[in-house]
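S.K.: model this:
(one chain, ligands or ions: 1)
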Amino acid sequence: MSLPVTDNSAAAESVPRHVRTLIIGSGFAGLGAAIKLQQDGHSDFVVLERSNEVGGTWRDNTYPGAACDVPSHLYSYSFALNPDWTRSFSAQGEIQRYIVSVADKYGVREKHVFGCDVTGARWNAGRAHWEVDTTVGSYTADFVISAVGALCEPALPDIKGIDSFQGEIFHSSRWDHDSDLTGKRVAVIGTGASAIQIVPAIAPKVAQLDVYQRTAPWLLPRGDRAYTLPERLAFKHLPGFQRLSRFGIYAMRETQVVGLAKAPTFMKPLELVARAKLRAEVRDPELRAKVTPNFKIGCKRMLISNDYYPALGRENVDLVTAGIAEITENAIITKDGTLREVDAIVVATGFHVTDSPTFETITGRDGRTLAATFDEGGQQGYKGTTVANFPNMFFLVGPNTGLGHTSMVYMIESQINYVADALRTAERKSVRTVEVRREAQDRYNRDLQERLSKSVWMNGGCASWYLDKHGNNTTLWPGFTFEFRNITRNFDLSAYETTTVAGGADIIAIGADSKDDDSKVVTR
Ligand code: NAP
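M.R.: Got it, this is the predicted structure:
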């Protein structure tokens, strides 16, 4: 079934070119922010979305087998529970339909300008607003909420000769549905979360499938099943049943934080489960050796699948571990000199997370881009949401808000509450600009890195996209998610430098350390 698609790009002309709040991106984060603003009584905002539909990563990742590895009843907005989930772990199509239905239900679609790609954003200090360039013209905004997501810019491998390949080649998140892989010789590069779903989905229909593995991932069982009719009726009609189920899933998943972030030795039981699964599902000793990971479980994202190992055991599937030396116009040559001819290549090599090209396009107060700022000091922010030198800008799914164990929607909603409170505070106190104080940001990051130093992500013996080029983990939250919810419950103005407008004159208010009401106010 094709998804409903609305092209609103003509609306660009009717949207005011200056808005109080401008949201970039309309995945779970941007859409949730738009709904929250609307609920808070704001009407002066716009959502710029480069594609022609809401959904973000769930709109883009349409590869065969795409599904979520967080249970459906937790992987949804707390304010828009869906009693109609058909399975315990939803597939991409069902999640995308859910997101579209939420956009419609909350009536924020008309706030969107679709087909509007943001190409640049600059802080204008004189006017104290953001100047935002897009493919359909320019906007200015008092506040910007960047909700572009961490997994949106495909990372293509830098492999010799890849551009010379004459067959079909596409990234997992840009699946070419015009391409029919039936009966073809196909290569999948990568064995991450996307690849392990693609491989079993396409293996039965292709003639030959070569899976190029650089690092063997840890796999756990996927407890996926269809909900029975009585369960679905209960979710719909039994008061509290769905909330209770959601809380049960949440609580179970939070227990993993102990092993992941605090004491990696507690990951041992999960590793034993994964080893037992591997022994049971991979009988061939040679293949078993190849797929046995060489790092501690949890160091890289733990994957869940019941059909990946069986797919690798198929007659028409080869797991190649020799490493790719070169790609020619019709083949992949590995470092051991073997040449394997292919008709199509699926590049499942992940995303630019700590080095997103979008960072290049945002220029802060001192004229430096977000990319340059992150390049120098690492990808650091305050409470994952604000970054020194970038006043009046809020980042959803910003630095150190990622998770390895539970629903990102929970983190996103925490951030949205924080931003909404910031906007309310700005209104209440006539604040014109807010910028996190460098000391507050530095203190916050020292504490984060201290906590992360005990985690399996830093001690598990693996390389991963969780770490930036300085070797710091700037992507993951190092604790229980309710701790993040607590620190983002209220906007802490005292951590910010602010300017206010009073009687037409600009006033700089320097926040005090403990209570925002103690702020010293000085005239500029
Ligand atoms: P990923 O987890 O970053 O995996 C990329 C894979 O490509 C890894 O196996 C990596 O090997 C390999 N690779 C990268 N560059 C390579 C190169 N030059 N040559 C050979 N191999 C190379 O990317 P992903 O699978 O797209 O997943 C990204 C994230 O999206 C996940 O971590 C998860 O957060 C999310 N996701 C979630 C789901 C779900 O909920 N089910 C599904 C898909 C994605 P190394 O391990 O050696 O680096």
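
S.K.: what about residue 378, how many neighbours?
M.R.: Other residues lying near residue 378 total 18 when counted by other CB atoms under 10 Å. In this view, the C-beta of every residue, glycine as well, is placed from N, C-alpha and C.

S.K.: same deal with residue 133?
M.R.: Residue 133: 14 neighbours (other CB under 10 Å).

S.K.: not including adjacent chain positions, what is the nearest residue to it?
M.R.: Once flanking residues are discounted, residue 133 sits nearest to residue 120: 4.2 Å by CB to CB, 6 or more residues apart in numbering.

S.K.: ok, that neighbour - contacts?
M.R.: Residue 120 makes contact with 132, 133, 361, 362, 363, according to CB atoms under 8 Å, 6 or more residues apart in numbering.

S.K.: and the helix or strand encompassing it, how far out from the chain's middle?
M.R.: Assigned by DSSP states H and E, residue 120 belongs to strand 118-124. Put simply, strand 118-124 sits 22 Å off its chain's centre (CA atoms, centre = their mean, to the nearest Å).

S.K.: show me what counts as buried in that strand.
M.R.: For strand 118-124, the neighbour count (16 or more other CB atoms under 10 Å) marks 118, 121, 122, 123 as buried.

S.K.: quick one: name the residues of the protein near the ligand.
M.R.: 67-69, 151, 157, 172, 189-195, 212, 214-215, 301, 324, 348-351, 465 (CB under 6 Å from any ligand atom).

S.K.: take those residues and keep only those in strands.
M.R.: Those of the residues of the chain next to the ligand mapping onto strands are 189, 212, 324, per DSSP state E.

S.K.: and stretch 337-357, end to end?
M.R.: Its first and final residues considered, stretch 337-357 spans 34 Å by CA to CA, to the nearest Å.

S.K.: tell me the contacts of the residue nearest to residue 284 when sequence neighbours are not counted?
M.R.: Nearest non-adjacent residue to residue 284, counting by CB to CB, 6+ apart: residue 313, 6.8 Å away. Residue 313 sits next to 281, 282, 283, 284, 287 when contact means CB under 8 Å, 6+ apart.

S.K.: buried among those? Make that a PyMOL selection.
M.R.: Of the contacts of residue 313, the buried ones can be selected in PyMOL as follows, counting by 16+ other CB under 10 Å:
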select buried, resi 281+282+287
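
S.K.: tell me which residues of stretch 180-192 come out buried.
M.R.: 181, 184, 185, 186, 187, 188, 189, 190, 191, 192.

S.K.: can you give the contact residues for that stretch?
M.R.: Stretch 180-192 is touched from outside by 157, 172, 195, 198-199, 202, 205-217, 301, 303, 324, 332, 340-350, with contacts defined as CB under 8 Å, 6+ apart.

S.K.: dump the ones in strands among the residues of the chain next to the ligand into TSV; add pLDDT as well.
M.R.: What follows is those, written out as TSV (pLDDT from 0 to 100):
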residue	pLDDT
189	98
212	98
324	98
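
S.K.: quick revisit: pLDDT wise, what is the residue nearest to residue 284 at?
M.R.: You'll see residue 313 listed with a pLDDT of 97.

S.K.: for it, grab phi and psi.
M.R.: Per-residue torsions, residue 313: phi -80, psi -10 (degrees, to the nearest 10).

S.K.: so where's the longest strand in this protein?
M.R.: Criterion DSSP E: the longest strand present in the chain is strand 137-146.

S.K.: before we move on, the earlier item: out of the contacts of stretch 180-192, which are buried?
M.R.: Buried members of these, counted by 16+ other CB under 10 Å: 157, 172, 195, 198-199, 202, 206, 208-213, 216-217, 301, 303, 324, 332, 342-350.
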